[in-house]
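Colleague: 3D, please:
(2 chains)
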Protein chains: 2
Amino acid sequence: MTVKLGLVGTGTVGCGCIDILDAHKEDFARHYGVDLEWKRICSRRSVQAEARGLEDIFTTDWHEVVEDPEIDIVVELIGGTTTAREVVLAALNAGKNVVTANKALMASFGEEVMNAAAENNCEIAFEGSVGGGIPIIDPMKHSLISNEISSVMGIVNGTTNYMLTRMVDAGLSYEEALAEAQAKGYAEAEPSADVDGLDAAAKIAILASIAFNSRVTLADVHAEGIRNITTTDLDAAHDMGYCVKLLAIAKRTSEGVSVRVHPTMLPLTHQLATVNSVYNAIYVTGDAVGETMFFGEGAGAKPAASAVMGDVLEVGRHVAQGVKPLVGCTCTDKLPIVPMDDLETKYYLRFTVADQPGVLAATASIFAKHKVSVYSVVQRGKKDAGTVDLVYVTHTAREKNVRAACADIVALEGVVFAEPSIIRVED
Amino acid sequence: MTVKLGLVGTGTVGCGCIDILDAHKEDFARHYGVDLEWKRICSRRSVQAEARGLEDIFTTDWHEVVEDPEIDIVVELIGGTTTAREVVLAALNAGKNVVTANKALMASFGEEVMNAAAENNCEIAFEGSVGGGIPIIDPMKHSLISNEISSVMGIVNGTTNYMLTRMVDAGLSYEEALAEAQAKGYAEAEPSADVDGLDAAAKIAILASIAFNSRVTLADVHAEGIRNITTTDLDAAHDMGYCVKLLAIAKRTSEGVSVRVHPTMLPLTHQLATVNSVYNAIYVTGDAVGETMFFGEGAGAKPAASAVMGDVLEVGRHVAQGVKPLVGCTCTDKLPIVPMDDLETKYYLRFTVADQPGVLAATASIFAKHKVSVYSVVQRGKKDAGTVDLVYVTHTAREKNVRAACADIVALEGVVFAEPSIIRVED
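Modeller: Take a look at the predicted model:
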């Protein structure tokens, strides 16, 4: 049976999907009994469709895709939450199955989209929205469901992982690493979505919702990026046996779900510490499976298209066999989001302070006052103007207490000469 | 709807499955709409069933499980290819779905089992047969199917990976590492299945069949183990920037499928080189996804039970929704198995030779005669009795040529003082 596809968006991932089907149409039919065919292609510009000989089915009006009665699956690859949301909802309401790689849509409007799919008895698949080509949503929705998942930690933004890798390996500053990433096409001219952790925040919202069977949206995620990371901190981390990664973290705690994105110190022996350059990896811990990790290329046209076309084939199998959606929304629980103030973790704190007697005692007493227990404190390399770096590492402490202690230390008269560097530590 | 289960085998994995359902029965019903219930438990001894309060449904006769008309899914966890094969085929022929973790059965009788499942319109699921709790069969049967897979390389035996890790980290000999693994319960008293690569061979046969859509059986796999690995070779590898892993390798070549298990030198920068101790990982390369890796605990009751119960839940979903098998055997192609003689790869070759003039020239000319191009040759540490190690690394060469060259070198009179050490190299 021929399964007919509509494509909305012919950017790099959309073109990657067209290329995959060009290369493997016969293989898919032979191996999986699914004969896929593009019925309608929509984009603002026709140049990519024309280059692939698909001008006859090209349109600039997405309504022609979602309203085509022959189309079984609509593939949405325009991104964003405005037109994309309209396209996805209209397709589902027209009884079409939908495959998307749209992280922003699923992270902010996941419940609305899942509900529309359920009401219309259609499938919505979104493996490509997290981790590029890495299979992670399917394993979490199928293979790992016998587990209670306790945590999901991911390097899910290739741009920032590339930059941090280059800052360590080549000693580049943040600005130099960003310029290099931009020159290589890994970072946008306006890099905020990557370097401020917003891209990663959307992805961890999606993963947390699946892992904990409880809806987490982008707005629930505390996001900090890597703009303030310096080579000084990377060097200090290395000397302590740690690396610094921009981690997206979702943890099940006794108080609910803690979900956040921030630079994190990880022991160099941790499996995630071996994931460098543009690679992504997601580390999942469950009560039965223990620790698992899913590694691969987190970005790029071909890996993302691999995930999208995997979803298309899977939904296509169901269409060909007349099977209605097997797995809908699994957010059956309502776990509270743990406020960031209540986070309990370890902290690395670096203060650039006056190189004078009494500073150590003054800072240490402030930590004691705020019930932040100190694991170690080290003075690092003297600076030019009579300053020195004081590097504290705490035992597990509450975020609000650490913040309060830092504020008090910064307020000490004539002691602190720069914004403190605060990096959370995972052991 | 209640989905009724029969369990055959109450060893560590079977008990792990019982424990998972005990812990999460309500969660599964709430999250996935699948209410699972043990209907019949079979084993040779009743002690485990009794310890879990299941003596009322216990039997020593597996026929009572497969013939119970109420049972929807039979879970086979006795292993081996004699009784287990009977149980699985009888269950399928009685119209039951089957979940198994039996690598030997699937690697040697996979076609028979898949055919029986298809004829009876039943499901057969076997995620637990490879890589313990690591999701790998499901991702390869679903998420990655838009790819042409070019290679699958796995560290799929935790026992040997533990031993090799200890030989490197603690300088243990093979014998010491084996004794330690046995003392820790990682290795059997009769360790052949692990150390001779047979366990890994069964697993790569299963993965290759799925990856290449072409049946590969245990008998097709060339297996070499780690009995001959010495710390001398591990040290030499490290000095060259490599580690040695027991890899299970399946590659698509222009001549067919190359499938084998043997100690392999991997660059220390390769992601698989970071997988140590009892951990497993499977590295999959596809034409769209690029390089991906799946990492986790490859053995142990809980990880394996995680995989088995994941399959049970997935099949249970289908039973509850009245959905018949969606994916059967996908071995639609018939690719030839490339004979080991025709393997083309790089080789590390260590000869313990007489420390005398002319040996280098004599050995080098033999390589030239057999058209084996040498990349490097290094003389390592003098031995006691006037011998020295000559370490060759070749460019890509044919296995039969390398074997012939080695035979000629060994036959040189009074030159070679021990069996040469031959380790294939992946770059």
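Colleague: all helices for chain A, in order.
Modeller: Along chain A, counting by DSSP state H, helices occupy A:12-32, A:47-51, A:63-66, A:83-93, A:103-119, A:137-141, A:158-169, A:174-183, A:192-195, A:198-211, A:231-239, A:301-320, A:359-369, A:399-411.
Colleague: Put together JSON lines for those, with mean neighbour count on each row.
Modeller: Every residue, glycine included, has its C-beta placed from N, CA and C. What follows is those, written out as JSON lines (neighbours: other CB atoms under 10 Å in any protein chain shown):
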{"stretch": "helix A:12-32", "mean neighbour count": "19"}
{"stretch": "helix A:47-51", "mean neighbour count": "15"}
{"stretch": "helix A:63-66", "mean neighbour count": "20"}
{"stretch": "helix A:83-93", "mean neighbour count": "21"}
{"stretch": "helix A:103-119", "mean neighbour count": "20"}
{"stretch": "helix A:137-141", "mean neighbour count": "23"}
{"stretch": "helix A:158-169", "mean neighbour count": "23"}
{"stretch": "helix A:174-183", "mean neighbour count": "17"}
{"stretch": "helix A:192-195", "mean neighbour count": "20"}
{"stretch": "helix A:198-211", "mean neighbour count": "27"}
{"stretch": "helix A:231-239", "mean neighbour count": "18"}
{"stretch": "helix A:301-320", "mean neighbour count": "26"}
{"stretch": "helix A:359-369", "mean neighbour count": "15"}
{"stretch": "helix A:399-411", "mean neighbour count": "18"}
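Colleague: Quick check: which of those helices is nearest to A:Gly386?
Modeller: Between A:Gly386 and those, the tightest spacing by CB to CB is seen for helix A:359-369, at 11.5 Å.
Colleague: pLDDT (mean, whole number) over that closest one?
Modeller: In this model, helix A:359-369 carries a mean pLDDT of 95.
Colleague: And for stretch A:155-170?
Modeller: Rounded mean pLDDT across stretch A:155-170 is 97.
Colleague: Please see if that stretch touches chain B.
Modeller: No. Judged by CB under 8 Å from any CB of the partner chain, stretch A:155-170 stays clear of chain B, getting no closer than 11.8 Å.
Colleague: which regions of the stretch 1-150 of chain A sit below the pLDDT cut-off?
Modeller: Applying pLDDT under 70 to the stretch 1-150 of chain A flags no residue at all.
Colleague: Can you pull the residues of it lying near chain B?
Modeller: So the stretch 1-150 of chain A meets chain B at A:16, A:20, A:23-24, A:27-28, A:30-32, A:127, A:133-135, A:138-139, A:142-148 (CB under 8 Å from any CB).
Colleague: go with 10 Å
Modeller: Taking CB under 10 Å from any CB of the partner chain as the contact definition, the stretch 1-150 of chain A meets chain B at A:16-17, A:19-21, A:23-24, A:27-34, A:36, A:127, A:131-148.
Colleague: Now render the helices of chain A as JSON lines, adding distance to B:Glu224.
Modeller: Formatted as JSON lines, the helices of chain A follow (distance: least, CB to CB, whole Å):
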{"stretch": "helix A:12-32", "distance to B:Glu224": "31"}
{"stretch": "helix A:47-51", "distance to B:Glu224": "49"}
{"stretch": "helix A:63-66", "distance to B:Glu224": "55"}
{"stretch": "helix A:83-93", "distance to B:Glu224": "52"}
{"stretch": "helix A:103-119", "distance to B:Glu224": "45"}
{"stretch": "helix A:137-141", "distance to B:Glu224": "32"}
{"stretch": "helix A:158-169", "distance to B:Glu224": "36"}
{"stretch": "helix A:174-183", "distance to B:Glu224": "44"}
{"stretch": "helix A:192-195", "distance to B:Glu224": "46"}
{"stretch": "helix A:198-211", "distance to B:Glu224": "40"}
{"stretch": "helix A:231-239", "distance to B:Glu224": "39"}
{"stretch": "helix A:301-320", "distance to B:Glu224": "33"}
{"stretch": "helix A:359-369", "distance to B:Glu224": "58"}
{"stretch": "helix A:399-411", "distance to B:Glu224": "53"}
